[in-house]
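J.: My questions concern the predicted model and sequence given below.
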Amino acid sequence: MDNNQFWQQVTDELAQLPLQLTLTPLAVEVTNGEAFSMQYQSLGGEIIHGLYLQPKSSQPTPVVIDFLGYLTQIENPQQFSHWLAIGCGCLVIDNRGQGGATLDQVPYQTVTMPMPLGRGLLTPEDSYLRRMVADQLRLFEVLENLPRLDANRVYLHGNSQGGGLALMVNSLSPVAIQGTFANVPSQSNLPHRIAAATGSYGVMKEYLNTHPTDQKQVLQTMAMFDIRHYAHLIENPVWASVATNDSTCPMVDFFPTYKRLAGPKQLTVFWGKGHEGGGLKRLTQEIQLLKEIM
């Protein structure tokens with residue numbers, strides 16, 4: 001099965017599931033807007049938990065879909081209220097099984113390990129990454145049900161795992177993405193990431209150390225989720241950043257993806273920095289840039 005067939009199958013499977021979207025106003029004060037808890041159904045009937053922030057506006061507003069890093073969770077709406085300050089809505093979810101409100105309850109058929117990326121390693125259909133990407137793709141159906149957000153002005157943003165997810169979702173999006181911000185991105189050049197046991201992909205190296213005969217299957221599975229194989233589909237602007245001393249998501253592993261991006265692109269290198277990259281300085285730059293281009 002090629003990449004297009006695989007993701008079409010995922011799309012068809014999602015289409016058979018009722019969205020079951022629920023929004024609940026949060027009793028917290030958010031400057032420049034409103035905050036709602038958000039739940040919807042995704043693959044395997046799992047309920048995905050997230051956050052919806054809406055600016056104060058009489059007209060539909062642009063929206064940033066923000067993607068969380070590995071094993072990080074939504075703590076409060078203020079984490080993302082900077083988007084409201086420039087008139088953008090925001091959608092963000094807790095990735096399933098990564099310590100937040102979204103669980104990962106459907107049994108795996110091949111490999112089950114405590115760390116999420118160690119689950120379902122032997123086939124793309126069983127892979128944890130299939131579930132995680134599908135959960136994010138379903139946000140576009142959520143967006144269709146939020147008329148106060150403008151589905152023609154969608155921007156993507158993420159750091160680390162979130163940066164890799166932003167690019168993957170960008171390549172598979174059913175709507176035109178206006179721009180993507182991807183910082184110290186993961187999910188690129190995965191054979192090398194696994195061999196070098198860097199960051200979250202160390203769990204796969206750990207598995208192969210004890211199951212060396214499964215290497216071909218694991219690499220074939222991960223090829224379906226390596227963003228370097230999808231970068232050529234991204235024609236909208238991409239603003240990416242890497243850090244020279246990043247041993248979690250080494251910049252050398254992002255270069256193959258960056259070279260294949262088909263649209264306007266800009267790469268910022270943070271010299272002497274580790275996986276924190278540009279940190280708050282970078283976010284401030286992104287907010288200002290987004291304010292200028294909207």
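T.: Here it is on my side, so go on.

J.: Three-state assignment for residue 235, please.
T.: coil (DSSP: H, G, I helix; E, B strand; the rest coil).

J.: Please name the nearest non-neighbouring residue to it.
T.: Of all residues not flanking residue 235 in the chain, residue 263 sits nearest, at 4.1 Å (CB to CB, 6 or more residues apart in numbering). No exception for glycine: its C-beta is placed from N, CA and C like everyone else's.

J.: thought that neighbour was touching residue 237?
T.: Yes - judged on CB atoms under 8 Å, residue 263 makes contact with residue 237 at a distance of 5.9 Å.

J.: the more surrounded of those two?
T.: More crowded of residue 263 and residue 237, by other CB atoms under 10 Å: residue 237, with 18 against 15.

J.: List the residues that contact the residue nearest to residue 235.
T.: 234-238 (CB atoms under 8 Å, 6 or more residues apart in numbering).

J.: Filter these down to the buried ones.
T.: For the contacts of residue 263, a burial check counting by 16 or more other CB atoms under 10 Å picks out 234, 236-238.

J.: The residue positioned nearest the centre of the chain - nearest residue in space that isn't next to it in sequence?
T.: The chain has residue 165 as the residue nearest its centroid, 2.8 Å off, counting by CA atoms, centre = their mean. If the residues on either side of it in the chain are set aside, residue 165 comes closest to residue 67, at 4.2 Å by CB to CB, 6+ apart.

J.: And for residue 188?
T.: Using CB to CB, 6+ apart, the closest residue to residue 188 is residue 257 (4.3 Å).

J.: and what of residue 93?
T.: Closest residue to residue 93 apart from its sequence neighbours, by CB to CB, 6+ apart: residue 50 at 3.4 Å.

J.: Please name the bridge partners of that neighbour.
T.: Here residue 50 shows beta-bridge partners residue 38, residue 93, assigned using DSSP bridges.

J.: Report whether the expected contact of it with residue 96 is present.
T.: No - with contacts counted by CB under 8 Å, residue 50 stays clear of residue 96, the gap being 11.1 Å.

J.: what ranges do the helices span in the chain?
T.: Secondary structure of the chain by DSSP state H: the helices cover 3-15, 81-85, 128-137, 139-144, 161-172, 190-196, 202-210, 215-223, 251-260, 279-293.

J.: for this structure, what are the low-confidence residue spans?
T.: For the chain, the stretches flagged by pLDDT under 70 are 1.

J.: re the thing from before, ok, the residue nearest to residue 93 to residue 36 distance?
T.: Residue 50 sits at a distance of 9 Å from residue 36 (criterion: CB to CB, to the nearest Å).
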